Structure formats: structure tokens, C-alpha cells
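Undergrad: A predicted structure for the sequence below; I have some questions about it.
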Amino acid sequence: MKIILTSIAIAAISFLSAAQKQSVGILPFNYYKASASAGVTASIQENVSNAFVKTKRFNIVDRSKMDALRGEKDLQATEDFIDGTVVAQSKNLGAAFLVSGLVTQGKAERMTSTNENGTTTVTYKAKLAIQLKVIDVETGEIVSSETLEPKSGSAFGGMMGIGAGTPEKAISKALKDIEKDIDEFISKNFPLAASIVECDGKTLLMSVGSSNGVEKKDAFKVVEISSIEVDGKKLTRKKIIGEISVKSVDDENFSTCTIKKGGGQIVAKMESGAKLKCISLAK
């Protein structure tokens, strides 16, 4: 599966505290009428929503309220359903970020093959291509845009869900195949941020645990956060000073990590009062 990055991904959004979950609204997905259908689009949107829910790290805005924002907007369009009014209304619903989706490919095709005995077999293959965008509700800006689609030039011409007995099964298989890429999109664009509770140079205790979906062997980077003024504008710099791996998830709020790199520097920075955060890496 190929993920095409078309904008800068969100980097450690706002460095939220461990107890604070990010509020995300998932807009009704659009689709190209000639290449997909309302039913397939609804299934894809459901998969994306479930992927957010299973991380245990988000408050998802009620879907019925998000659907109500579309009004009479025709979702069989070539452009995303995003405008200033929708962003403003989403803010009133408590959303900090919006996720929009545009299904550009989502249909099954019929395939026939005949063996040497003259027996003809009918199967179906499906192709999916989904554009996902993340909108910062505070600024109204699109902060990330990625297209998830099969690798081009593959033996099957970029097709997924191959060998299914019905169009529905082909689409179902294709959706299953793309789940990992949706997970990576979430992990990369919505990293988990945690504070360091204590560190001895070899192990580190951070303030996130099972309630945040943390699992053993999850990887994090340790970054030093500082503010620098450039050309009259204050910018936030995030300098990587170490790498850690979760050794054990102690409870719902804390995890113990093994320091893989930069233990001495982490301790020194903590003693100097530097602002440090542990930022999750994409799985």
C-alpha cells in the first residue's frame, strides 16, 4: 500500500497532557460517483472512525451531529465538504480537529478465467483509493493530506480484494487490506505526547498508560521543546534527544520504558529544567 504525503503532517499536536484526549470530528465522506458508491463510502468512513476509537486516545464527536453539518450538500462531488461554516460549527461541537475523506476509487470489477478443460471461473477484484485530510479547527487550515491506495506497478495492477466470489466480498477484502494504512495515518498525524515523571538514565517513567492505548514495545522519541524567534516570529523547536521503548504498561496512567538512546542527555536536560516530552512513533 502506498501512502502519498501531500502536506506537512501534524507534529506532536499541542503536546496534550496524558489525561486529555484529543477531540476529533469525522466529516461525511465524499466520493466520485463514477468510481465509487454511497454504500462503499459509508463503509470506508466507518472503518476510519473505528480506527480512531480503538486507539482509546480520542473523543469522537457524535456522528449524527457531524452528518447534520452537511445540510443539502451533494456528497457526490469532486471536492471535499469543507468550508468556513462547517469548521466554525465543528468548533461549537467541541472538535479540535476534523478528518475528511474523499473516495476516488471504490468499485469491484468482474474477472473471468478459463482453464485448459474449458471451465470458466468468475471472480471479482476491487480497487480503493482514499484521500484523507486533517483540518485544524482553530485555524481552519488543512494541516495534512494523504492518499491511501494500492502500490502502483504491482502484479495485479494496483488491485486489492482479488479472488472474491462477489463484488461485496471483494470490497470487504480491500477494506481489510487497507486497515493498516489507516492506522498508520492516525499514528503519524496524531502522535501521543507524554510527560516524563522520572528517569535514571536507563529507564524512564512516562505519564501515559493503558487508558491511552499504550502497549508493550511501543516506540517513543524524547524531544526538547524550546521557543526561538526567527524574523520576528516565535517558532517552536522540537529537538530529538533520545529514543525509548515501552518495557511495561504499569496501569492506566503510567508506563515504564527502556532508554534505547540518549539516557545521559535526558537526565542532564531534566536537571537543567528543560521542557521535555515523549512523542509516540508510528507503529
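TA: Perfect, I can see it now.

Undergrad: can you tell me the element Ala51 falls in?
TA: helix 38-54 (DSSP states H and E).

Undergrad: remind me which residues of this structure are low pLDDT?
TA: Segments of the chain classed as low confidence (criterion: pLDDT under 70) are 1-20, 70-83, 150-163.

Undergrad: secondary structure class for the residue in the chain sticking out farthest from the centre?
TA: Largest separation from the mean C-alpha position in the chain: Asn117, at 48.3 Å (Cα atoms, centre = their mean). Following DSSP: H, G, I helix; E, B strand; the rest coil, Asn117 is assigned to coil.

Undergrad: equivalent analysis for the one 5 residues further on, please.
TA: Val122 falls in the strand class when you classify it by three-state DSSP.

Undergrad: now do Thr236
TA: Of the three states, Thr236 takes strand according to three-state DSSP.

Undergrad: and it, how many neighbours?
TA: When counting by other Cβ atoms under 10 Å, one arrives at 11 neighbours for Thr236. Where C-beta positions appear, they are placed from N, C-alpha and C, glycine not excepted.

Undergrad: which non-adjacent residue is nearest it?
TA: Computed as Cβ to Cβ, 6 or more residues apart in numbering, the closest residue to Thr236 that is not its neighbour in sequence is Ser227, at 5.9 Å.

Undergrad: can you confirm that neighbour is in a strand?
TA: Yes - counting by three-state DSSP, Ser227 is found in a strand.

Undergrad: residues contacting it?
TA: Lys234, Leu235, Thr236, Arg237 (Cβ atoms under 8 Å, 6 or more residues apart in numbering).

Undergrad: equivalent analysis for Cys199, please.
TA: Cys199 neighbours (Cβ under 8 Å, 6+ apart): Leu205, Ile259, Gly263, Ile266, Val267, Met270.

Undergrad: do the same with Gln265
TA: Going by Cβ under 8 Å, 6+ apart, the list of residues near Gln265 reads Ile241, Gly242.

Undergrad: just confirm Cys257 contacts Met206, I think it does.
TA: Yes - under the criterion of Cβ atoms under 8 Å, Cys257 makes contact with Met206 at 6.1 Å.

Undergrad: what do those two both touch?
TA: Joint contacts of Cys257 and Met206 (Cβ under 8 Å, 6+ apart) are Phe220, Ile244, Cys278.

Undergrad: next, format those as a markdown table and append distance to Glu141.
TA: Output for the shared contacts of Cys257 and Met206, formatted as a markdown table (distance: Cβ to Cβ, whole Å):
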| residue | distance to Glu141 |
| --- | --- |
| Phe220 | 27 |
| Ile244 | 31 |
| Cys278 | 26 |
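
Undergrad: so how far is stretch 132-141 off the chain centroid?
TA: The chain centre lies 14 Å from the centre of stretch 132-141; the measure is Cα atoms, centre = their mean, to the nearest Å.
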